[in-house]
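J.: Sequence and predicted model, in that order:
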Amino acid sequence: MARRLPSSSMGDLIMRTVHRQPGAMISIERSSPNCRGVGGVHRPPVLPRIARVIVILSLASCATVTGPRIESEEEQRVQLALKAEAKAFHEAQQARLDRVGARLMKASGAKEKLKLHYVGRPEQTGGRIHPDLVNAWTDGEGVWITRGMMRFLRSDDELAVVLGHEMAHAYRGHMAYLRGKQALGLALSIPAAIFGGQAAGQLAALLVEAATKKFDRDQEREADLFGLIWVHRAGFDPEVAKGLFRRMAIEMPESVERGFLSSHPTSAERLLAMEKVSEALKKGLDPLEVFAPAEKRQERSEMPPRR
């Protein structure tokens, strides 16, 4: 005979069927009212298997290793240390820019000093230009160089080439259209992010316009020429320029269209021109005498007034 007993572990749907047969041991099967198949044969119950899976998953979650517990005071101490190191790193990058830039400005003979900006945080450009982009630009009053560019450059000589090029744009009057002394003065001294509303947008827009400005090819050639002359005069090696821009064009071909190399003369022309200028400097020749048009020769390295 068989009788059903309620199961205390699986709820009302799970019953125990006790089969008594003469001369046989008692067998207990778990089943539910819907477990019978054709001919009254019991099918494997579903809910007990689900229960076993749930138990296994619960045990697995309990066995997760989370590592050592960190006290909040210790976490805060490390957080403060990291912030201090980040600040020190930013200041060191800015100091490097100022050191190399000072030598170039002296070599240029310019009376007005350009303010140099290491762009290491998005808020410095109002979030418009990401610091990891490999780029450098001038707004006519200063030179901005990104964290990405600083990482890409391998030496102070390469940094001098990039800075010299942008300084030449500023000192040769290529950015005259951006004049607006008051707005630019604010943009140079105060991060645009601290301004609210329309002022922030206008200042950030000026920086974006400067960063994406496309000079004509003659202006780019002139910036390359004067930049390399000042690099040489400042005691840096202008011969690294060819390798620098070759590496940039190969490793970051998109920069030719949208980055530091955009609107410049073709990569091939630029590399050849830089090589010729470097060779002239190495021989002790004045590139302005060798390569500049007659009307430019009389200017020598004198800086036109910036308007």
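T.: Now that the structure is in, tell me what you want to look at.

J.: Any stretches of this structure with poor pLDDT?
T.: 1-48, 53, 55-63, 177-215, 254-267, 293-307 (pLDDT under 70).

J.: just checking, what packs against the helix or strand that contains Glu166?
T.: Element membership for Glu166 (DSSP states H and E) is helix 156-171. With contacts taken as 3 or more Cβ pairs under 8 Å, 6 or more residues apart in numbering; DSSP states H and E, helix 156-171 sits against helix 72-108, strand 136-138, strand 142-146, helix 217-233, helix 240-251. All C-beta spots, glycine's among them, are computed from the backbone N, C-alpha and C.

J.: which one of those lies closest to Ala268?
T.: Comparing those against Ala268 with Cβ to Cβ, the closest turns out to be helix 240-251 (9.2 Å).

J.: so what secondary structure elements neighbour that closest one?
T.: Looks like helix 240-251 contacts helix 156-171, helix 217-233, helix 255-258, helix 267-282 (3+ Cβ pairs under 8 Å, 6+ apart).

J.: and with 10 Å instead?
T.: Applying 3 or more Cβ pairs under 10 Å, 6 or more residues apart in numbering; DSSP states H and E, one finds that helix 240-251 contacts helix 147-152, helix 156-171, helix 217-233, helix 255-258, helix 267-282.

J.: can you pull the buried residues of that helix?
T.: If you call a residue buried by 16 or more other Cβ atoms under 10 Å, then helix 240-251 has these buried ones: 240-242, 244-245, 248-249.

J.: for stretch 144-159, same thing?
T.: 144-150, 152-153, 156-159.

J.: rewinding a little: output the helices and strands packed on helix 156-171 in CSV; the columns should cover distance to Glu166.
T.: Below are the helices and strands packed on helix 156-171 laid out as CSV (distance: least, Cβ to Cβ, whole Å):
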stretch, distance to Glu166
helix 72-108, 10
strand 136-138, 4
strand 142-146, 4
helix 217-233, 8
helix 240-251, 13
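
J.: right, and those - which one's nearest Arg49?
T.: Per Cβ to Cβ, nearest to Arg49 of these: helix 72-108, 43.8 Å.

J.: wait, what's in contact with Leu153?
T.: Contact analysis of Leu153 by Cβ atoms under 10 Å, 6 or more residues apart in numbering lists 96, 134, 136, 145, 159-163, 240, 244, 248.

J.: would you turn these into TSV with distance to Glu269?
T.: Listed next are the contacts of Leu153 as TSV, based on distance: Cβ to Cβ, whole Å:
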residue	distance to Glu269
Arg96	31
Val134	21
Ala136	20
Ile145	24
Leu159	23
Ala160	22
Val161	17
Val162	19
Leu163	22
Val240	19
Leu244	16
Met248	15
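
J.: Just the closest of those to Ala51, please.
T.: Distance ranking of the contacts of Leu153 against Ala51, using Cβ to Cβ, places Val134 first at 58.5 Å.

J.: what's the closest non-adjacent residue to that closest one?
T.: Take Val134 and drop its neighbours on the chain: the residue closest to it by Cβ to Cβ, 6 or more residues apart in numbering is Gly148, 4.4 Å away.

J.: could you check the distance from the one you found over to Phe89?
T.: 15 Å (Cβ to Cβ, to the nearest Å).

J.: in stretch 275-283, what's buried?
T.: Buried residues in stretch 275-283, counting neighbours by 16+ other Cβ under 10 Å, are found at 277-278, 280-281.

J.: Could you double-check that Val231 sits in contact with Val240?
T.: Yes. Contact criterion Cβ atoms under 10 Å: Val231 and Val240 qualify, at 8.8 Å.
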